[in-house]
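[1] Quick one, structure for this:
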Amino acid sequence: MGTVTVEGEPGRWTVVVRGKLDEAAGAAVHRALRERMSRGEDPRQVLFDLRDVEDYDVLGRAELTSAHRLVVAGHRRCVYVSERSRIRGLALLAIREVQDANAQPVATLEQGHLWLAEGRLLDAEQGALEQGVRVRPRS
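    Okay, here's the model as predicted:
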């Protein structure tokens, strides 16, 4: 099982996940974000630090996607950081499933900070044009 911490200042949270991202760790990410948001905290940016995630399973992926929906609901800019391509692929699956044009998986912390520093928010259609993907209608 992995461990989860949420750190940061009011405008930017850093969610650090270590170990295996299984159902329990993914649920801990979702719970930690929801609890902070329910206290009225509202960051404009969220950095998911997955550099120490060694592996994940399908239930962990589902929970991470659920947590990412909280990020999208608040129109926040988000970045996932991992040197491992498989873990960046996990992030990409979560991003695509919720059609978030304001999120990006990157390989280094420096790239993550640069992505967040850009700061502009796109709607799904603008993001799809920039990323070269087709947006499916929401039901």
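[2] Tell me the buried residues in the top strand by length along the chain?
    Counting residues, the longest strand found in the chain (DSSP state E) is strand 45-56. Across strand 45-56, burial judged by 16 or more other C-beta atoms under 10 Å covers 45-51, 53, 56. C-beta: built from backbone N, CA, C; applies to glycine.
[3] List the buried residues for the helix or strand following it?
    Later in the chain than strand 45-56, the nearest helix or strand by DSSP states H and E is helix 58-73. With burial defined by 16+ other C-beta under 10 Å, the residues of helix 58-73 counted as buried are 60-68, 70-72.
[4] same check, this time on stretch 30-47
    Neighbour counts using 16+ other C-beta under 10 Å place 30, 32-33, 36-37, 43, 45-47 of stretch 30-47 among the buried residues.
[5] all helices for the protein, in order.
    According to DSSP state H, the chain carries its helices in the segments 23-38, 58-73, 85-97, 109-118, 124-131.
[6] Off-centre distance for the fourth one?
    On the basis of C-alpha atoms, centre = their mean, to the nearest Å, the separation between the geometric centre of helix 109-118 and that of its chain is 13 Å.
[7] quick revisit: out of the buried residues of stretch 30-47, which two sit at the greatest distance?
    Pairwise distances across these (C-beta to C-beta) peak at 18.2 Å, for the pair 30 and 45.
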